[in-house]
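In: Make a model of this:
(chains A, B, C, D, E and F)
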There are 4 protein chains.
Amino acid sequence: MEPSAAEDDATVPEQDHRPAERPPTGHRRTEPRRRQERAILRRERLLEAAVELLEEGGFTAVTHRAVARRAGVPLAATSYYFTCRAALLAEAFTLLVERELAAIRAHLEAVPADPPDALAEALVQILNHDRQRRLGLWELYLQAGRDPDLQRIARAWTDGCDEIVSWVLHRSGHHARPSQVRFVTTVLSGLWVEGIVEDRLDARRRIREVLTHTLAALRAP
Amino acid sequence: MEPSAAEDDATVPEQDHRPAERPPTGHRRTEPRRRQERAILRRERLLEAAVELLEEGGFTAVTHRAVARRAGVPLAATSYYFTCRAALLAEAFTLLVERELAAIRAHLEAVPADPPDALAEALVQILNHDRQRRLGLWELYLQAGRDPDLQRIARAWTDGCDEIVSWVLHRSGHHARPSQVRFVTTVLSGLWVEGIVEDRLDARRRIREVLTHTLAALRAP
Amino acid sequence: MEPSAAEDDATVPEQDHRPAERPPTGHRRTEPRRRQERAILRRERLLEAAVELLEEGGFTAVTHRAVARRAGVPLAATSYYFTCRAALLAEAFTLLVERELAAIRAHLEAVPADPPDALAEALVQILNHDRQRRLGLWELYLQAGRDPDLQRIARAWTDGCDEIVSWVLHRSGHHARPSQVRFVTTVLSGLWVEGIVEDRLDARRRIREVLTHTLAALRAP
Amino acid sequence: MEPSAAEDDATVPEQDHRPAERPPTGHRRTEPRRRQERAILRRERLLEAAVELLEEGGFTAVTHRAVARRAGVPLAATSYYFTCRAALLAEAFTLLVERELAAIRAHLEAVPADPPDALAEALVQILNHDRQRRLGLWELYLQAGRDPDLQRIARAWTDGCDEIVSWVLHRSGHHARPSQVRFVTTVLSGLWVEGIVEDRLDARRRIREVLTHTLAALRAP
DNA sequence: GATGAATGAGACTTCATTCAT
DNA sequence: GATGAATGAAGTCTCATTCAT
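Out: Here you go, the predicted structure:
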């Protein structure tokens, strides 16, 4: 295969066809906006591709080449839209965190606050759902231990979790102090990372047990 | 190529010194052991180098080249002693887990069981100590999520932690059920990974708070 | 690394000479074609180098390094223009087959059809000419026995030979049935491979004898 | 896996056990012979392994490592029993040629001479049988084009074929002249190499057709 | 005699990034 | 603005062969 067959399919047509397709009104104004739109779209597509690859193959799978191919974009575009690989990863991490937090919030909003059992079940589902995505998220999270830029985002993740925990506890009538919120988030982190990595058969039971003890701690004086 | 100069420095001396060290009885029998010893030593040196690099630069820093250079050994030696990079990493992971568990055990054995405050302080120290090493350990731990070979070792890590937790609790008079042990280990995992990655200023206070809540849970009915 | 000096010698001149050659009309349009041309040229040079090496040293001599060095191109260029070594070899095989068939056709067209002796002499020359090139061709031909991609090309070679044989026979007044054409091609294959490999002193006589018997078979009822 | 696990299984026991197992008669004479026997056996085993690998994976698959592993022998033994890879291949070629010729002879001896159709069928079977082995044989045959040592053996192969052809023709009442024998052998070579490489569906029919024409040539004046 | 240890050379391939156009 | 071309650096791994024991 030629080195860049896939990329050509995606890009060359756009370039060559557009001048001819332009509406005869001759609005020059619309052209730049078009371009800008395309640029934004491309950026998003690249980011999306990076996230996908991260989830599928982990940190090392996110290469310029792979991202470009996945996004259907010429190789050099990755360097054009992102200053370097690290920047791309940082944005991907941000996106991943945002999505994850939103997904969790949405999941919990759909669950009634009253029966604690329903909450437990919801958490089990959250913690067990889509192992690949979590792997990617946690891989970047850990990478943040070596990279100050990522660390900022890692903290945003933890803070977001705190916020959600706080809201859930409040909704259930618990007037949780910050340290209690932190405690719960920490427990969840532990559960998460263990669950993702070890992939044990009795994962569900383990989660439930830990949650039971956690709630017991919250009720303690 | 480039490392050829360095490796000679490391190996030739051993070879040259030996004749002088040989006992005058002239037992030829001891000779084969020498070679074998040197080989074992080399293997260990390579492993050590891999562990160091892992701690310093993370997963991707453990390359054949880097390991060989660090160990003062020709490049091809890495492939001679370890069938592939993955095998090297797996052994490094095992070593890291063993050491870490041993270090924690040693640390805790030196702490009196009675005053819970002393225990808390010990944990703070364990969790805060040698951030680099932990980063390496947890990076491999997470990598186990994608690699079944590593997963086995990851579980050994968690199981080892369970064992230590169980012993500590028992020593303190807690008759902890397995699920409680698991709970504590999970909390510690959460603390660990958060602490390593986020590197917050108030880490010590956070750890103490979480431990307080954890102990409260254990005392709860 | 080492070839970096050589490749500059090969490429920089082209770049530097061009500005002088550019037509004074100053058409920017021509520029992109320049680059593309250079790329095509490079590809051809690489292929040419591969063919040469194949002829000289056989299958195993066609390495990325050797090809790059021979073509006066950086090592990575071989991977840029050909996805893998197999692809390079496949293209080299194709090229070799095409050239060989063309050369044979040209050779035979220059020979009068009438005196059968002239034809025999032409065949002797074809079969004896440029032993190295044939060695490369037949080595790849045989390799096709293990590689389906090459097999396609191997058949093209045989089919091309059939076609030529058919044309020659027709030109000489023989109305050869397909099975007869195949027979002749097979005989030629046998002659070829034997002649190339064994390199006997009486090669010429052997070829003539076999051809005599072959023609006898064609005249048989 | 450790670099030499397989080899140890095969060799260490032999070395260590023998002194204890030696019969008490104390015949020192038998020991050297034992050793020699073992050496011969090993040599054969290595050769056998080389032949197998050649058939399975072709020329490039015959590496010291692969041969040693296949033979269940320490890596260095390959260099100990054969001066170099080329020597090993040369012997393998010889062995392959001998076996092949013997197999063909055996096959043809079992076929009645009279009905020409039976002979044709036998040839079809010979030419179609065990494609892998033939590939290895012909690969070495072609390699002989570049290696004078192998060329000697290649000629032995052709001469052996001549001999067989001569015998078969004679048995069938044909009083074939040498040039006719050579013609037939050449045709067979062509058939062989084409058949092995191209692996076409109508191979059987093609072979039969070519044989028909070949026999026609022999009957011609 | 036999072999584990060792290694320089080199295999193929990928990568991030730059640059001229 | 976008991108094909380009490449130095480095990646993992295999190989034939030597040598000390």
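In: by how many degrees do the one helix or strand A:Val181 maps to and helix B:178-198 diverge?
Out: A:Val181 is part of helix A:178-198 when elements are defined by DSSP states H and E. Note on geometry: by axes from the mean of the first three to the mean of the last three CA atoms, to 10 degrees, helix A:178-198 and helix B:178-198 are set 100 degrees apart in direction.
In: is any part of helix A:178-198 close to chain B?
Out: Yes. Using CB under 8 Å from any CB of the partner chain, helix A:178-198 reaches chain B at A:179-180, A:182-183, A:185-191, A:193-194, A:196-198. C-beta coordinates here come from the backbone N, C-alpha and C atoms, glycine included.
In: Please report which of these has the highest neighbour count.
Out: A:Thr186 (31 neighbours; other CB atoms under 10 Å in any protein chain shown).
In: and that residue, what does it touch?
Out: With contacts defined as CB atoms under 8 Å, 6 or more residues apart in numbering or on different chains, the neighbours of A:Thr186 are B:187, B:190-191, B:194, B:210.
In: one step back: so what touches the helix or strand following the helix holding A:Val181?
Out: Going down the chain from helix A:178-198, the next helix or strand is helix A:203-219, by DSSP H and E. With contact meaning CB under 8 Å, 6+ apart, helix A:203-219 is reached by A:116, A:120, A:123-124, A:127-128, A:169, A:174, A:176, A:180, A:183-184, A:187, A:190-191, A:194-195, A:200, B:179-180, B:182-183, B:186, B:213-214, B:216-218, B:220-221.
In: Give me the mean pLDDT for stretch A:202-211.
Out: Mean per-residue pLDDT for stretch A:202-211: 90.
In: Just give me the closest of the contacts of A:Thr186 to chain D.
Out: B:Gly190 (36.9 Å; CB to the nearest CB).
In: how does chain A divide up, domain by domain?
Out: Following automatic domain parsing, one gets these domains for chain A: A:1-82, A:86-221.
In: okay, the ones you listed, which one's buried deepest?
Out: Ranked by mean neighbour count under mean count of other CB atoms under 10 Å in any protein chain shown, these are led by domain A:86-221, which reaches a mean of 18.
In: what's the spacing between it and its chain's center?
Out: Computed by CA atoms, centre = their mean, to the nearest Å, the chain-centroid distance of domain A:86-221 equals 13 Å.
In: do the same with stretch A:36-52
Out: How far stretch A:36-52 lies from its chain's middle: 15 Å, per CA atoms, centre = their mean.
In: Run through the residues that contact the spatially most central residue of chain A.
Out: Centroid check for chain A by CA atoms, centre = their mean gives A:Leu96 as the closest residue, at 1.3 Å. Applying CB under 8 Å, 6+ apart, we find A:Leu96 in contact with A:51, A:54, A:133, A:136-137, A:140.
In: In helices, which of these fall?
Out: Per DSSP state H, helices hold the following members of those: A:51, A:54, A:133, A:136-137, A:140.
In: Confidence-wise, which helix or strand of chain A is lowest on average?
Out: helix A:5-21 (a mean of 36; mean pLDDT, DSSP states H and E).
In: For my notes, please list the ones in helices among the contacts of A:Leu96 in a markdown table and give pLDDT and distance to A:Glu44 for each entry.
Out: A markdown table is the format used below for the ones in helices among the contacts of A:Leu96 (pLDDT from 0 to 100; distance: CB to CB, whole Å):
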| residue | pLDDT | distance to A:Glu44 |
| --- | --- | --- |
| A:Val51 | 96 | 10 |
| A:Leu54 | 95 | 15 |
| A:Arg133 | 88 | 18 |
| A:Gly136 | 93 | 18 |
| A:Leu137 | 94 | 19 |
| A:Leu140 | 94 | 19 |
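In: For the residues you listed, which two are the farthest from each other?
Out: A:Arg133 and A:Leu140 (11.3 Å; CB to CB).
In: Am I right that A:Arg155 is in contact with B:Glu198?
Out: Yes. Between A:Arg155 and B:Glu198 there is a contact under CB atoms under 8 Å: 5.4 Å.
In: Next up, identify which helix or strand the residue nearest to the centre of chain A is on.
Out: Per DSSP H and E: helix A:85-109 holds A:Leu96.
In: Just checking that helix against DNA strand F, any contact.
Out: No. Helix A:85-109 does not reach DNA strand F (CB under 7 Å from any atom of the strand); its nearest approach is 12.4 Å.
In: Would that helix count as contacting DNA strand E?
Out: Yes. Using CB under 7 Å from any atom of the strand, helix A:85-109 reaches DNA strand E at A:85-86.
In: That helix vs helix A:178-198, what angle?
Out: Using the same axes, to 10 degrees: helix A:85-109 against helix A:178-198 is 110 degrees.
In: Past helix A:85-109, which element shows up next along the chain?
Out: For helix A:85-109, the succeeding helix or strand toward the C-terminus, using DSSP H and E, is helix A:116-128.
In: elements contacting that following helix?
Out: When contacts are defined as 3 or more CB pairs under 8 Å, 6 or more residues apart in numbering or on different chains; DSSP states H and E, helix A:116-128 packs onto helix A:85-109, helix A:178-198, helix A:203-219.
In: Dump those helices to TSV, plus distance to C:Glu37.
Out: TSV is the format used below for the helices and strands packed on helix A:116-128 (distance: least, CB to CB, whole Å):
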stretch	distance to C:Glu37
helix A:85-109	32
helix A:178-198	53
helix A:203-219	61
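In: A:Ser189 contacts B:Glu194, doesn't it?
Out: Yes. Shown here, A:Ser189 and B:Glu194 form a contact pair, counting by CB under 8 Å, at 5.6 Å.
In: Residues that sit against both of these two, list them.
Out: A:Thr158.
In: show me what contacts A:Gln143?
Out: A:59, A:89, A:150, B:58.
In: quick one: contacts for the closest residue in space to A:Phe82 that isn't next to it in sequence?
Out: The spatially closest residue to A:Phe82, leaving aside those adjacent along the chain, is A:Leu88, at 4.1 Å (CB to CB, 6 or more residues apart in numbering or on different chains). Shown in contact with A:Leu88 (CB under 8 Å, 6+ apart): A:46-47, A:50, A:62, A:67, A:78, A:82.
In: same thing with A:Trp192?
Out: A:127, A:134, A:138.
In: Can you redo those residues as a markdown table, where the extra columns are distance to D:Val165?
Out: Converted to a markdown table, these look like this (distance: CB to CB, whole Å):
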| residue | distance to D:Val165 |
| --- | --- |
| A:Leu127 | 77 |
| A:Arg134 | 72 |
| A:Trp138 | 72 |
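In: what's the distance between A:Leu53 and DNA strand E?
Out: To DNA strand E, A:Leu53 is 10 Å away according to CB to the nearest atom of the strand, to the nearest Å.
In: ugh, wrong one, A:Arg204
Out: According to CB to the nearest atom of the strand, A:Arg204 stands 36 Å off from DNA strand E.
In: Of the ones in helices among the contacts of A:Leu96, which is the nearest to DNA strand E?
Out: Nearest to DNA strand E among the ones in helices among the contacts of A:Leu96, counting by CB to the nearest atom of the strand, is A:Leu54 at 11.9 Å.
In: so that closest one sits right up against A:Ala92, yeah?
Out: Yes. Between A:Leu54 and A:Ala92 there is a contact at 5.9 Å, judged by CB under 8 Å.
In: if I look at the two, which residues touch both of them?
Out: Common neighbours of A:Leu54 and A:Ala92 (CB under 8 Å, 6+ apart) are A:62, A:140.
In: where does chain A dip in pLDDT?
Out: A:1-33, A:221 (pLDDT under 70).
In: on that earlier part again, quick one: which of the contacts of A:Leu88 is nearest chain D?
Out: A:Val62 (31.2 Å).
In: pretty sure the closest one is touching A:Leu53, no?
Out: Yes. Counting by CB under 8 Å, A:Val62 touches A:Leu53, with 4.9 Å between them.
In: Confirm for me that A:Arg133 is in contact with A:Val97.
Out: No. Using CB under 8 Å, A:Arg133 is not in contact with A:Val97, being 11.3 Å away.
In: of the contacts of A:Thr186, closest to B:Gly145?
Out: Nearest to B:Gly145 among these: B:Gly190, at 16.3 Å, using CB to CB.
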